[in-house]
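Undergrad: next come a sequence and a model predicted from it.
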Amino acid sequence: MMKPEELKEAKKKKGYTSRKLAELSGVPLGTIQKIMSGATSAPRLDTMNALERVLMSPDQPASYSASGLSSHPLFIQETAVPFGGAAGSVKPGSAQGRTVSENALYESIGGKPFALSDLGGIHQLLAVELYRQLADALLADEPSDRKPAAEGTLPLICSSPFPLELSCYPGSVLFPDVFVADGRIKIHPGRITGVPVFIAEITSPSTRKRDTSLKLEAYVSAGVSEYWVVDPADRSVMRCDIAHDNRIALFTFGTPVPVLTPSIPCVIDTARFDEQIRRYTACAIV
């Protein structure tokens, strides 16, 4: 999914006025003006897709699934890697110019395998920081003798690498960076099946298109309540409120971001993400 500034750049390259874009996309002119100016902080996912459909290059036609999400090459640049044997490993070979070791992990999205990218230090630090804040909130809200928990409703927080098999989206086994599940999941040896209520990915330049297209489509189709994409490169958090009309909101690091899922009473302090990046950068050996 394109961000508002990317939409503006694509609109400029096409030479479209906002009125022309409204005519071609079917999106009301006032809605487009609010999105482009930043006045609309949480546009609908289908609105953003309608704009992208028009702003994509005519020589690269878009392909949309039943959910209305794009599988256009602009978003998907990774090549499926050869694999065999037990799920979670790939045969030795090469994917996108990278050597794939015998024990490399892969994700399967709609039956298509993708090798997991190498996880850098900042990626891991932000995943741990988000996990810590969520865990602190969940622990603080644990049932007590005066507030017993209903059976099967206690949230479970997990972090990668922990295989998640989306039972409502066939052929998909993913390794979300952080996810919170409740009574809709089942725990098996080495994997979880079902649908979490909250999922977050720490994205990178090599995975951003996958995180904001294929994975977004999988999580929307499976019925995940809330999906976050944390992007350390541009210091932003994209929050998709899937449970409420697929509303998309963008936040800059330093802005408190509320978790909307009712079972996770939490506001994430994204200033801590900046702090972790500064600490890592200060300690890095060049």
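TA: Perfect, thanks for sending it.
Undergrad: any idea of the mean pLDDT for stretch 11-31?
TA: Stretch 11-31 comes out with an average pLDDT of 80.
Undergrad: chain center to it: distance?
TA: Remark: stretch 11-31 is offset 27 Å from the chain centroid, using C-alpha atoms, centre = their mean, to the nearest Å.
Undergrad: just the endpoints, please. Distance across it?
TA: 15 Å (C-alpha to C-alpha, to the nearest Å).
Undergrad: so residue 44 sits against residue 249, correct?
TA: No. Look at residue 44 against residue 249 with C-beta atoms under 8 Å: they stay out of range, at 11.1 Å. C-beta: built from backbone N, CA, C; applies to glycine.
Undergrad: which neighbours do these two share?
TA: Here residue 44 and residue 249 share no contacting residue, scored by C-beta atoms under 8 Å, 6 or more residues apart in numbering.
Undergrad: buried stuff in stretch 132-141?
TA: Under the neighbour-count criterion of 16 or more other C-beta atoms under 10 Å, stretch 132-141 has 133-135, 137-138 buried.
Undergrad: CA-only coordinates of stretch 122-140, as CSV, when you get a sec.
TA: The C-alpha coordinates for stretch 122-140 follow below in CSV (Å, rounded to 0.1, in the frame of the first residue of the first chain):
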residue,chain,number,x,y,z
ILE,A,122,17.6,-2.6,14.7
HIS,A,123,14.9,-5.0,13.5
GLN,A,124,15.4,-7.2,16.6
LEU,A,125,15.6,-4.4,19.0
LEU,A,126,12.3,-2.9,17.8
ALA,A,127,10.6,-6.2,17.9
VAL,A,128,11.7,-6.8,21.5
GLU,A,129,10.7,-3.3,22.5
LEU,A,130,7.2,-3.7,21.1
TYR,A,131,6.9,-7.2,22.7
ARG,A,132,8.0,-5.7,26.0
GLN,A,133,5.4,-2.9,26.0
LEU,A,134,2.7,-5.3,25.0
ALA,A,135,3.7,-7.9,27.6
ASP,A,136,3.8,-5.2,30.3
ALA,A,137,0.3,-4.1,29.4
LEU,A,138,-1.0,-7.7,29.3
LEU,A,139,0.6,-8.6,32.6
ALA,A,140,-0.8,-5.5,34.2
